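Q: Fold the following and give me the result.
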Amino acid sequence: MHTKRLTITYVALAAALLGLFALNLFWGSVSISPRGVVQALLGRGQDELAANILLQLRLPRAVMVVLLGAALSVAGYLLQTFFANPIAGPFVMGISSGAKLVVALTMVVFLNHGLLTNSLTLILAAFAGSMAAMAFVLSVARRVHRMSILVICGVMIGYICSAVTDIVVAFAQDSNIVNLHNWSMGSFSGMTWGNVAAAALVVLPCLAAAFLLAKPMAAYQMGEQYAQSVGVAVRPFCVALVLLSSLLAACVTAFAGPISFVGIAVPHLVKQALGSAKPLHVLPGCALGGAAFCLLCDLIARSLFAPTELSISSVTAVFGAPVVIWLLVHRQSGEGRA
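A: Model prediction:
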């Protein structure tokens, strides 16, 4: 019975992913028919404008949304496993904001000196920022025993980093900084095939590594002592969790800016749908669910008030924040009954 539920959930997530991916190709300020999309993909399209819109704008954007959505959801699940808390995530713990600050500083310095930033530079800058924020969170974690205090510290770090980023953006004089403002609010616009290739080189190996850690992750969820008793090297394992989650979150922030609540809401919804908390089951669901969720939110962000495009974080917050509120209330009521 449980196997049947897993199969149905995976099939539903995959179908939602494929359907939303197709909608992102068809739907926009310039409508392209399904037949036109197929012809353009096969190189037989007669409408050159539609083919360029599809192949150079919509398709790389949709592929990037899939990659980064999966990365953000899995990063959130890894952090929840590490901190043993369902409301831990890259955005809430301040990791995305730390990455955002260092990327913004890097872009401003490069642009002010007439230099262009490449994908590798942005990823490295974001990783440095995310690791700095994670180092602060871990140092706080050693001194406090209540996860609520740790989460509050993470949120405060996020506010500080966001405030400094806003100041940096406000005082940047270069005309190219207009794109920086859109990025700092969270956006999938302007993605190129070069960005897709760079993101794939980081995201896909990290996702594969996370799947390989599924078995020790299941043991770690039972407690550190249990994990050690079954042969898990806890310290290297924890280092791997921190590095993978930070690198995935950094890659998302480098290309799309900070995206809120995906890393918390999607893993929880996936666990509820699967009826299982086993990493071997949840990780594939998180990848599929995160990709589908971000495709839906991106479609709404660019279509709801077209041609004006909303920031992706505004849309993800509308759907994700209620899930976080429910988690907090449910957790508090559970502690109260205990």
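Q: make it CA atoms for all contacts and neighbour counts henceforth
A: Will do.
Q: Count the neighbours of V155 for me.
A: 18 (other CA atoms under 10 Å).
Q: for T81, same thing?
A: 19.
Q: now swap in P34 and tell me
A: By other CA under 10 Å, neighbour count at P34 equals 14.
Q: Which residues are in contact with the residue nearest to it when sequence neighbours are not counted?
A: Closest residue in space to P34, ignoring its immediate chain neighbours: F26 at 6.5 Å, by CA to CA, 6 or more residues apart in numbering. Contact analysis of F26 by CA atoms under 8 Å, 6 or more residues apart in numbering lists 32-34, 37.
Q: Kindly report the same for V203.
A: If you count contacts by CA under 8 Å, 6+ apart, V203 has them with 67-68, 71, 248, 251.
Q: And what about A15, helix, strand or coil?
A: Following DSSP: H, G, I helix; E, B strand; the rest coil, we place A15 in the helix state.
Q: how many neighbours does it have?
A: With other CA under 10 Å as criterion, A15 counts 14.
Q: quick revisit: any idea how far the residue nearest to P34 lies from I53?
A: Distance of F26 to I53, computed by CA to CA, to the nearest Å: 11 Å.
Q: Serialize the contacts of F26 to TSV and add fields for distance to I160, secondary structure and pLDDT.
A: Putting the contacts of F26 into TSV (distance: CA to CA, whole Å; DSSP: H, G, I helix; E, B strand; the rest coil; pLDDT from 0 to 100) gives the following:
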residue	distance to I160	secondary structure	pLDDT
I32	43	coil	76
S33	46	coil	75
P34	46	helix	76
V37	44	helix	76
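Q: Just the buried residues out of the residues you listed, in PyMOL syntax.
A: Burial among these is assessed by 16 or more other CA atoms under 10 Å; the matching PyMOL selection reads:
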select buried, resi 32+37
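Q: quick one: which of the contacts of F26 is nearest V164?
A: Using CA to CA, I32 comes nearest to V164 of these, at 41.6 Å.
Q: dump the residue contacts of the closest one.
A: The contact partners of I32, by CA under 8 Å, 6+ apart, come to 25-26, 50.
Q: Nearest residue to I87 in space, please, no chain neighbours.
A: In space, and not counting its chain neighbours, I87 is closest to I264: 5.8 Å by CA to CA, 6+ apart.
Q: is it true that the one you found touches M93?
A: No - taking CA atoms under 8 Å as the definition, I264 is not a contact partner of M93, at 10.6 Å.
Q: neighbour count winner among the two?
A: Using other CA under 10 Å as the criterion, I264 and M93 rank with I264 on top: 30 against 25.
Q: where's the more buried one, which helix or strand?
A: Per DSSP states H and E, I264 falls inside helix 262-274.
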